[in-house]
Structures are given as C-alpha cells and as structure tokens.
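K.L.:
Predicted model and sequence below, questions to follow.
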Amino acid sequence: MKLSFHGGVRGVTGSCFLLEFKESKILVDCGMFQGQRMVSNKNLIDVGFNAKDIDAGIITHAHYDHIGRYPLIVKQGFRGTIYTTPPTKALASIVLEDAQHVMSENARRNGDIILFSPDDVKRTESQMKGIGYHTQFEIVPGVNVMFHDAGHILGSAYVTIDVPGSETEDGKPKRLLFSGDIGNEEVPILPDTEPILKADIVVCETTYGNRDHEPVPQRNKELVKMVSSIINRGGTLLIPAFSIERTQELLYELDLLADEGVLPKVPVYLDSPLAIKATEIYRHFKHYLRFDRPIHSSSDHDFFTFPRLVETLRMDASKKINSDRGPKIIIAGSGMMTGGRILHHLIRYLSDKKSGVLIIGYQAEGTLGRQIKDGAKKVKIHQKDIDVNATIKAIGSFSAHGDRNKLRSWLKPKEGKIDQVFLVHGDEKVKPEFKEFIEKEIDSEVIIPMFSQEFVF
C-alpha cells in the first residue's frame, strides 16, 4: 500500500491524497488550490497521477478546497464512483455549479482560466453516491470505508479506511484515518466531533495548529460589540463568510440576538446565492444538525431567519443594496475574499472610515482576505487600488476548524495508539509548531509530508 500527497501540504488549500493498492487506486478529496484569484496557478499544474487510473474517490466535506478539482479529473477521464455523505452530496453540487459560474465570470472580466465546464460538473455530480455515517462499505475489493461525523460543516466526515494484511508491507491489517477538517468546539448547530476509536495512521489537518480560539460565549460578545460599534456610527458592516456553515452559524447567532432584542434594527443583507441555496439544504437535512436551543423558539419558527433579513438571490436585487444609504450589515461570499459579491462591497466600503469588515473565517496565505486581516493599508480589487480605512476585526472562534487543543485531544484514540500522524492542510509555519505541540502529548511519529511525497506501508 502506498500513500502520496497531491495537495494540502504547502498550505491550507488543495487537499488531495492518493492511496494505491496492488490492483486499485482511490483518492481522498481533490480540492482546489485557492489564492489571490479563485483559480490559483497551482491548479494548472498536472495533478500528479493519471485520472483514468483512479478506481474510486472519497469526499470528506463540501468545501471547495476539498472538492474543487474533482470536475477537473472527471474531465481528464476519471469515471469511478465518488463516495460521500448525503448532505455533502447535495452541498457539493451547488458549490461546484457556483464555482464554474464564478470561473466563467472571472474569465470574462479578467481573462482567468476556466478549468472545467458545466458538463464536467454534471458528470461529477452523476458519479457521486451518498453513504450515511457509520455504514461500512467496500470501496475496492478488500478495502472497507466508513464515515464518522467531523462536526465541521453539515455532512462533514473524517474517514476510516480498513486495509487487509494482503495489501501491506508487513502483512498486518491497518486502519488509515483521514481527518478532512475537524470542527470547532461547542458549535451551536452541529454535533460534536466523534472521537477516534482506533487508528494506525492518521492524516490530520492543522489549520489552527498554532493557536487557541476565544471561548464561544466571548465570541457572541465580540459580535455584538462590533455590530453595535459600526451601526451606531452610521456605517456598513461587511461580513465575508463562507457560504457553507459559517453563514448558517452566523444567521443562527443573529437570529438569537434578534430574539433577545440585542440586534440593531437595521437591514441585514444575505448577498450570496450560494449561501441562500446552502441554507435551504441545511433546513432539508436538519436531522443531521444539533441545536443548542429549541429551534422553533423564534417568533417565525425558523432558526436561520429573523426580521429585516433580506436575501438577495438575483443580481438586480444585489445591486439595489447600493441604494440603501443607511447603516446596514452585508453578509457575502467568498469567505477568503477571492471572488464573489463581497468584492463589489469591499470596493464601495473598504475606504469608508465609518464602516467595518468582520472576518469570521480562516484567510489562507496569498488571499485578499489575508492581506486585509494582516493590516494592509491598500489592496487591489478588480484592477482598482482601494485604501483600507474601515475597521477590521477578526473573531477566531467563529471558525469551523478546531484549534490546537481540540486537535490534540482528538488525536488520542480510545483504543491503543496511533503509529504515524501526517500533518497537512496548514500554513508552512503552523505545521512545525503543531508537530512540536502534539509530540509532547501523543506517542506517535509525527511527519510533515512534502508535495508528491510517497510513503509505503
């Protein structure tokens, strides 16, 4: 058995891992690299394997940096089944369709590359198959897979893969575990991350491997403080949000604040077609969610809507936001500010001293969001130089990723110990810091793999 790494090793995006057996090959995630533009140049490089040779694929969850290159390898000839959970299957479809649309728009506006067509997306969707949590299935002969709730977003999973001794170097069966992304603590709308029962080899994300999040109660106070500060001075608060999970979690919190009479009585624009569609999927799969209060306690009996929430699905409705000169809140994608409607709002409000930008998600290196978060005084958006005068605030505990303490605790299985832990999906300086952090606590060999590096077991 051979494991190789084709993404998620030089940064946070592009997760893609290949497992090779004697007679078959399977892929775990195949995500897009993200940077200043939606289509990073890294995505133009050969994926590092022949797509036609892959027998099956796995998707841990529906974020673009874990699924975005699947249509590309389908375009290149991959015809195997792609296994995931039912909610992820539904979310992945709208994410890929939206991504292809944004790619086309960026090509028209900036001359960007279009990596795949709508037909490639449809073909990818047709190859997806939904499998529930805790349902073991044979992905290729002799190799069994199971999804476990990762608590990251709706339908997210970490994956255990049981490999028979006939496929290993030492003749002993092995259990591999791929973390996907591990959820934060005390997420108000999701179940907790399931603990690891046992595993021999773990490929683990390290997004927040060098820091701790604020306590959840503190984040609500920080949210109210930021909203009140900007609204009271007559400004516009921009909240760039990932369309899946971050937006729904934010809407849920705003719904609670509205019920408590704390939310200022100003319009809240949800200016993201993808987020609006994703929220409907959240409602449909609400039996996968876990709420920290009675979900029908709101006066409107809905946990993602509240008075003065305005959903702008169509472009003409989005443009009408500009006619609202008063204080307001605008929630729009993309979360890393690499595309989408948030860019138009940033052009309009980023230079306004009365306004503010609230960052509630991870900003990868090389993204516009990272520049703004790191204190850039001037940024370029759609070929325009924009001064950054607005108040910038980040709240880490809104992240859908667990922090270093959460990951360390999770890496302690109920049975036995993990032999090897491979650290991926983290910035270059983060992985070594997390390696040092966990080596004091877990009795495992901790490895930071390189791009295309292969390991034989």
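P.N.:
Nice, I can see it.

K.L.:
Please count neighbours and contacts with C-alpha atoms only from this point.
P.N.:
OK.

K.L.:
What does the residue positioned nearest the centre of the chain show for phi and psi?
P.N.:
Residue closest to the average C-alpha location in the chain (CA atoms, centre = their mean): H63, at 4.1 Å. Torsion angles at H63 (phi, psi; degrees, to the nearest 10) stand at phi -70, psi 150.

K.L.:
Repeat that for V203.
P.N.:
Per-residue torsions, V203: phi -100, psi 110 (degrees, to the nearest 10).

K.L.:
ok, it - contacts?
P.N.:
By CA atoms under 8 Å, 6 or more residues apart in numbering, V203 lies in contact with 176-179, 421-424.

K.L.:
For the residue nearest to the centre of the chain, give its distance to L346.
P.N.:
Relative to L346, H63 is positioned 23 Å away (CA to CA, to the nearest Å).

K.L.:
ditto for I418
P.N.:
46 Å.

K.L.:
repeat for I230
P.N.:
In terms of CA to CA, I230 sits 15 Å off from L346.

K.L.:
Which one's more surrounded, the two?
P.N.:
Neighbour totals were compared for I230 and L346, and I230 leads with 23 against 20 (other CA atoms under 10 Å).

K.L.:
Which of the helices or strands spans that one?
P.N.:
Assigned by DSSP states H and E, I230 falls within helix 216-232.

K.L.:
Can you give me the neighbour number for the nearest residue to I418 once chain neighbours are set aside?
P.N.:
Leaving aside its sequence neighbours, I418 sits nearest to D200 (CA to CA, 6 or more residues apart in numbering; 4.8 Å). Using other CA under 10 Å, D200 has 18 other residues around it.

K.L.:
right, and D200 touches K174 too?
P.N.:
Yes - using CA atoms under 8 Å, D200 makes contact with K174 at a distance of 6.1 Å.

K.L.:
In what element of secondary structure is I392 found?
P.N.:
I392 belongs to strand 391-394, assigned by DSSP H and E.

K.L.:
What is that strand packed up against?
P.N.:
Here strand 391-394 touches strand 356-359, helix 368-373, going by 3 or more CA pairs under 8 Å, 6 or more residues apart in numbering; DSSP states H and E.

K.L.:
wait, which of those is closest to G57?
P.N.:
Between G57 and the helices and strands packed on strand 391-394, the shortest separation by CA to CA is 30.9 Å, and it involves helix 368-373.

K.L.:
Quick check: which helices or strands does the closest one pack against?
P.N.:
Here helix 368-373 touches strand 378-381, strand 391-394, going by 3+ CA pairs under 8 Å, 6+ apart.

K.L.:
how does it look with 6 Å?
P.N.:
Packing contacts for helix 368-373, counted by 3 or more CA pairs under 6 Å, 6 or more residues apart in numbering; DSSP states H and E, involve no helix or strand.

K.L.:
And the contacts of the helix holding I230?
P.N.:
Contacting residues not belonging to helix 216-232 are listed as 327, 355 [CA atoms under 6 Å, 6 or more residues apart in numbering].

K.L.:
how far out from the middle of the chain is it?
P.N.:
Relative to its chain's centre, helix 216-232 lies at 24 Å (CA atoms, centre = their mean, to the nearest Å).

K.L.:
What of stretch 210-226?
P.N.:
Here stretch 210-226 is found 20 Å from its chain centre; the criterion is CA atoms, centre = their mean.

K.L.:
pLDDT averaged over it, what's the number?
P.N.:
Averaged over stretch 210-226, pLDDT sits at 85.

K.L.:
Report the buried residues of it.
P.N.:
210, 213, 216, 219-220, 223, 226 (16 or more other CA atoms under 10 Å).

K.L.:
per-domain residue ranges of the protein.
P.N.:
As given by automatic domain parsing, the domain ranges for the chain are 2-211+400-456, 216-398.

K.L.:
can you pull the buried residues of the helix ranked longest in the chain?
P.N.:
When the chain is parsed with DSSP state H, its longest helix is helix 86-110. Using 16+ other CA under 10 Å as the test for burial, helix 86-110 gives 86-100, 102-106.

K.L.:
Show me where this protein has its helices.
P.N.:
Along the chain, the stretches classed as helices by DSSP H are 64-67, 70-75, 86-110, 118-127, 216-232, 246-259, 273-284, 315-319, 342-349, 368-373, 404-410, 430-439.

K.L.:
Turn those into a markdown table, including distance to V12.
P.N.:
Output for these, formatted as a markdown table (distance: least, CA to CA, whole Å):
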| stretch | distance to V12 |
| --- | --- |
| helix 64-67 | 8 |
| helix 70-75 | 18 |
| helix 86-110 | 18 |
| helix 118-127 | 24 |
| helix 216-232 | 24 |
| helix 246-259 | 17 |
| helix 273-284 | 22 |
| helix 315-319 | 31 |
| helix 342-349 | 21 |
| helix 368-373 | 12 |
| helix 404-410 | 15 |
| helix 430-439 | 10 |
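
K.L.:
residues contacting the residue nearest to I418?
P.N.:
Neighbour list for D200: 175, 418-419 [criterion: CA under 6 Å, 6+ apart].

K.L.:
Serialize the helices and strands packed on strand 391-394 to JSON lines and add fields for mean pLDDT, distance to K265 and mean neighbour count.
P.N.:
Shown next, in JSON lines, are the helices and strands packed on strand 391-394 (pLDDT from 0 to 100; distance: least, CA to CA, whole Å; neighbours: other CA atoms under 10 Å):
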{"stretch": "strand 356-359", "mean pLDDT": "97", "distance to K265": "18", "mean neighbour count": "24"}
{"stretch": "helix 368-373", "mean pLDDT": "95", "distance to K265": "28", "mean neighbour count": "20"}
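
K.L.:
Now those in TSV, please, with extra columns for distance to H284.
P.N.:
TSV is the format used below for the helices and strands packed on strand 391-394 (distance: least, CA to CA, whole Å):
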stretch	distance to H284
strand 356-359	28
helix 368-373	31
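
K.L.:
Looking at these, which is nearest to M146?
P.N.:
Of the helices and strands packed on strand 391-394, nearest to M146 by CA to CA is strand 356-359, at 34.3 Å.

K.L.:
in its sheet, what does that closest one sit against?
P.N.:
Partner strands and pairing direction for strand 356-359 (DSSP bridges) are strand 236-240 (parallel), strand 391-394 (parallel).

K.L.:
Which one of those strands lies nearest to T367?
P.N.:
Counting by CA to CA, T367 lies closest to strand 236-240 out of those; the figure is 12.7 Å.

K.L.:
Surely E245 is in contact with I153?
P.N.:
Yes - here E245 reaches I153: they are 5.3 Å apart, a contact under CA atoms under 6 Å.

K.L.:
More neighbours: which of those two?
P.N.:
I153 (30 against 23).

K.L.:
Wait, the more buried one touches S243, no?
P.N.:
No - using CA under 6 Å, I153 is not in contact with S243, being 10.7 Å away.
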